[in-house]
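1. can you look at this prediction? I've put the sequence above it.
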Amino acid sequence: MKAKILLLGAGALLLTLASCDKKKKTTGETETMTVDVAEATVDSVLISKTYPGTITARNSVDVVGRVSGTLTSQRFEDGDHVRKGQVLFTIEDTEYRDAVQQAEAALANSESAYEYAQRNYEALKKALESDAVSQMQVIEAKSSMEQAEADIKNAKAALQNARTNLGYCTVTAPFDGDMTRGYLAPGAYVAGAASPIALATIYDNSTFWANFYIEDAAYEKSFLNPDRHLIDFDHVPVDFTEELPHKYEGPLSYTAPSIDSSTGTLMLRIGLQSPYKELRNGMYCSVNLPYKVDPHAVLVKDASISTSQTNKYLYVVNDSNKVVYTPIEVGDMANDSMRIVTKGLKGGEKYVTKALLKVRPGMTVKPVLTK
């Protein structure tokens, strides 16, 4: 009986010791929580500033009616992509065909009159050699020939004008592009002789401008600094409100020759190609214009930075593996996900990248270095 009591007592003691040991291990694990950390890196960084802008088609024009008459047809569907020279509209041309025929007849009469006047002049010149006619008759014949020659020039100009007006009755695409809707329906009267009437608008949606404005101080930073030759202005990134399937960048193609004194801004343009037909005239965009190279920028992951009511901060892990609350000052983004730290942190220092809500200043942790 005593042996059984001793065995039970020994078993209870072992359970108690095991329970205490488990509690100690659990307590130890809490005090040395494993956290992911990264080292602040130092690198040469191209610093950019983002400006709002708009996309405009490099070529866009109104397709107009230049003669008066009834609109007889529209040869495209609204929104169609058309080719240069493709017929878009036709205008009633009976009046203009008649005008061409009349001009052709007038030219033929003028040429016939010139031939007669020329033969008459040559004949009178020979007759003058034998004193059969007077000098005055020869002068009058020459004048008539010259007048007939001038009439031919006027008749040719009138014929050219008539043919031009007839050509305006067929309205064609000036270049490859995408059409808007037709502004007038077939059957409407086009009073284009007095002033051209817009029938539709065509946009070349293969090449675009990203137009934006910068302040004069930004112009000085970007274009007048000694490191300008280090900045790549041939591949300026352009982003959009909704991320598109493809990335866009282009060269800085235009800088206005003067600053607008009323706004203190300067207009710039980035040239863009649209091979995937994703861009449209009037889209809003953001231009990431580079303006400076920082050869020794301190970089951290932007997602690791926390914000309080007074400042931004990081949780730094010191050489004793203790968490240190570290206020910092930050600059621009770099390399998509990295943030430049301008004050409060040195290259090589370790900072917490995950479990930011679980760590506390002064806590001892087990840091695991990640990239």
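-> That came through, no problem.
2. just the helices in the stretch 51-200 of the chain please.
-> 94-129, 135-167 (DSSP state H, counting those that start in this stretch).
3. do you know which of those lies nearest P367?
-> helix 135-167 (79.8 Å; CB to CB). From N, CA and C alone the C-beta is placed, and that goes for glycine too.
4. pretty sure A218 sits in a helix.
-> Yes - assessed with DSSP: H, G, I helix; E, B strand; the rest coil, A218 lies in a helix.
5. what count of nearby residues applies to it?
-> 17 (other CB atoms under 10 Å).
6. in CSV, list the helices of the stretch 51-200 of the chain along with mean neighbour count and mean pLDDT.
-> Below are the helices of the stretch 51-200 of the chain laid out as CSV (neighbours: other CB atoms under 10 Å; pLDDT from 0 to 100):
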stretch, mean neighbour count, mean pLDDT
helix 94-129, 15, 95
helix 135-167, 15, 95
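7. closest one to F76 among those?
-> With CB to CB, the closest approach to F76 among those belongs to helix 135-167: 18.9 Å.
8. just how off-centre is that closest one within its chain?
-> Chain-centre distance of helix 135-167: 54 Å, with CA atoms, centre = their mean, to the nearest Å.
9. oh, and call the first residue 21 from now on, that's how I've got it
-> In the new count, where the first residue is 21, that last one comes out as helix 155-187.
10. and that helix, what does it pack onto?
-> Packing partners of helix 155-187 (3 or more CB pairs under 8 Å, 6 or more residues apart in numbering; DSSP states H and E): helix 114-149.
11. I'd like the helices of the stretch 71-220 of the chain as JSON lines, with distance to V343 appended.
-> Putting the helices of the stretch 71-220 of the chain into JSON lines (distance: least, CB to CB, whole Å) gives the following:
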{"stretch": "helix 114-149", "distance to V343": "87"}
{"stretch": "helix 155-187", "distance to V343": "81"}
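12. A237 is nearest to which of those helices?
-> Smallest distance to A237 across the helices of the stretch 71-220 of the chain (CB to CB): 52.8 Å, for helix 155-187.
13. just name the shakiest helix or strand of this protein by mean pLDDT.
-> Ranked by mean pLDDT, DSSP states H and E, the weakest helix or strand in the chain is helix 22-51, scoring a mean of 48.
14. ok, which of the helices of the stretch 71-220 of the chain comes nearest M53?
-> Ranking those by proximity to M53 (CB to CB) places helix 155-187 first, at 83.2 Å.
15. okay, the angle between the closest one and helix 114-149?
-> Relative orientation of helix 155-187 versus helix 114-149 (axes from the mean of the first three to the mean of the last three CA atoms, to 10 degrees): 160 degrees.
16. hang on, the earlier thing: next helix or strand past the least confident helix or strand of the chain?
-> Towards the C-terminus, the helix or strand next in line after helix 22-51, according to DSSP states H and E, is strand 53-59.
17. helices or strands up against that next one?
-> Counting contacts by 3+ CB pairs under 8 Å, 6+ apart, strand 53-59 is packed against strand 370-372, strand 385-389.
18. before we move on, back to that, quick one, which of the helices of the stretch 71-220 of the chain is nearest to L389?
-> In terms of CB to CB, the element of these nearest to L389 is helix 155-187, at 75.8 Å.
19. what residues of the strand or helix carrying P347 count as buried?
-> Secondary structure assigned from DSSP H and E places P347 in strand 343-354. Buried residues in strand 343-354, counted by 16 or more other CB atoms under 10 Å: 343-344, 346, 348, 350-354.
20. what lines up beside that strand in the sheet?
-> strand 332-337 (antiparallel), strand 358-363 (antiparallel) (DSSP bridges).
21. turn the buried residues of strand 343-354 into a markdown table, including distance to S281 and pLDDT.
-> A markdown table is the format used below for the buried residues of strand 343-354 (distance: CB to CB, whole Å; pLDDT from 0 to 100):
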| residue | distance to S281 | pLDDT |
| --- | --- | --- |
| V343 | 54 | 95 |
| V344 | 51 | 96 |
| T346 | 45 | 96 |
| I348 | 39 | 96 |
| V350 | 34 | 93 |
| G351 | 31 | 88 |
| D352 | 29 | 83 |
| M353 | 32 | 82 |
| A354 | 34 | 82 |
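22. all good on my end, thank you.
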